[in-house]
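[1] sequence first, then the predicted structure:
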Amino acid sequence: MADAPRETWITGIGIVSCLGEGAEAHWQGLTERRSNVDAETFAPHLVHPLAPLNLDLQIPKKGDQRQMEAWQRIGTYAAGLALADAGVKGNADLLSHMDMVVAAGGGERDIAVDGTILTNKSKAANPEAFLNERLMSDLRPTLFLAQLSNLLAGNISIVHGVTGSSRTFMGEESAGVDAVRIALARIAGGQSELALVGGSHNGEREDLLLLYDAGGHMLRGAFQPVWERRNGMVLGSLGAFLVLEARSHAEARGAKPLARLSTIMSERSSRPAGSVTTALARMWQRLAPPPKAGRIAVISGATGAEPATDEERAWLKTMPDVPARATGSSLGHGFEPQFAMNIALATLALGREKLFPPFDSSGIERAYEGPLDQVAVTAVGHWRGEGMALVEAVR
């Protein structure tokens, strides 16, 4: 008979967003229904900008800060917060066997170079030769490497000394789900004792806003909470990391659990009508242990993009007694780190034994003052990629 899966504890969280940094800033922001939205800098697009950070606190060397792009600084900073929260920061022995799983997008485009090429290409006598010349002379030699998410893992290793195995994922929301899923599976299966998992996203990028707007995914006009939108995302700058640990390993070093991570599932809907609703219902039925009636909530990663958000809304309506919260209304959407961020926020709610208040007036989010033992975290990609996690209190 195969050994039973080992219990996995969350022993540290590190989060940064428009609400600030760390657990207390986020809990206070959520309970006060705050959301920082910038409607001017990237108009007509809306963005949830990152709150100011003192980078020196987690990335002490100025040279390290300068060689990173914004998304790498965000992730490296959040990773440092998680390591400190778990009580492993600076512990070379623990960090030497700590595994790392990172989900993030790529590096930023050079907007000035892109603009120059687009402006002058049509004026050139030989547009193709002009394009080749500019690409060879204007782009830095490391451009391709700068697009890879393993640079974030590398910077975390250099700055914080995490030197166990390393895995990186690209692929928007699905990458974030799979990063945490694989970290959990490795611990549950005895392949890992201690892991740092999460990601980062810089939403304050003209190139990304243009890309997603071209796909019809961006909210325009006045800001609205997720469930009240007709269609459209609002990007946010996010960093979120979790320290996952086998219970036996945590107990041996005297670490206390913030919560238990019990289950993670992922699917990839082809998006015919109703498929997202069906996928969520299927994953809900497969949660282990099963949801406890009257003691569970849903923290949703809904984006506001359609038809995905409407189908998640339809699924939630089939469970009117289960309170739900879409954190995108407060934080914006961050793609790869959104799932880890929402698991962290679920951990905060379980630790305080209550759910933060509703953010909108659509009827999807209702007030809830009852007991809270479990939180199901959903991830429905803006296009494809469903996931669900079950986070439980450890009393």
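    All right, it came through fine. Numbers count the residues shown, from 1 in each chain.
[2] next structured bit after the lowest-mean-pLDDT helix or strand in the chain?
    Scoring the helices and strands of the chain by mean pLDDT, DSSP states H and E places helix 143-146 at the bottom, with a mean of 50. For helix 143-146, the following helix or strand on the C-terminal side (DSSP states H and E) is helix 150-160.
[3] output the contacting helices and strands for that following helix.
    helix 62-67, helix 70-86, strand 99-104, strand 166-169, strand 194-201 (3 or more Cβ pairs under 8 Å, 6 or more residues apart in numbering; DSSP states H and E). Just so you know, the C-beta spots here come from the backbone N, C-alpha and C atoms, and that holds for glycine as well.
[4] bridging residues for the nearest residue to Ile296 once chain neighbours are set aside?
    Nearest residue to Ile296 in three dimensions, chain neighbours excluded: Gln374, at 4.2 Å (Cβ to Cβ, 6 or more residues apart in numbering). As for beta bridges, Gln374 partners with Ile296, Glu392 under DSSP bridges.
[5] repeat that for the one 4 residues further on.
    According to DSSP bridges, the partner residues bridging Thr378 are Ser300, Met388.
[6] does it touch Leu390 like I think?
    No. Using Cβ atoms under 8 Å, Thr378 is not in contact with Leu390; the gap is 10.8 Å.
[7] contacts for stretch 282-295?
    Contact partners of stretch 282-295, identified using Cβ atoms under 8 Å, 6 or more residues apart in numbering, comprise 262-263, 265, 267, 315, 321-322, 370-374, 376, 386-388, 390, 392.
[8] next one: that stretch to chain centre, how far?
    From the chain centre to the centre of stretch 282-295 is a distance of 23 Å (Cα atoms, centre = their mean, to the nearest Å).
[9] next, the buried residues of that stretch.
    Buried residues in stretch 282-295, counted by 16 or more other Cβ atoms under 10 Å: 283-284, 287, 291.
[10] also stretch 34-41?
    Across stretch 34-41, burial judged by 16+ other Cβ under 10 Å covers 35-38.
[11] pull the contacting residues for the residue nearest to Ile296.
    291-292, 295-297, 350, 390-393.
[12] so of the contacts of stretch 282-295, which ones are in strands?
    262-263, 265, 267, 374, 376, 386-388, 390, 392 (DSSP state E).
[13] of the residues you listed, which pair is most distant in space?
    Using Cβ to Cβ, the ones in strands among the contacts of stretch 282-295 reach their maximum pairwise distance at Glu267 and Glu392, which is 21.6 Å.
[14] could you pull out the strands in the stretch 201-350 of the chain for me?
    Using DSSP state E, counting those that start in this stretch, the strands found in the stretch 201-350 of the chain span residues 235-236, 238-246, 259-267, 296-300, 324-326.
[15] put together TSV for those strands, with mean pLDDT and distance to Arg229 on each row.
    Formatted as TSV, the strands of the stretch 201-350 of the chain follow (pLDDT from 0 to 100; distance: least, Cβ to Cβ, whole Å):
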stretch	mean pLDDT	distance to Arg229
strand 235-236	98	14
strand 238-246	98	19
strand 259-267	95	24
strand 296-300	97	13
strand 324-326	97	10
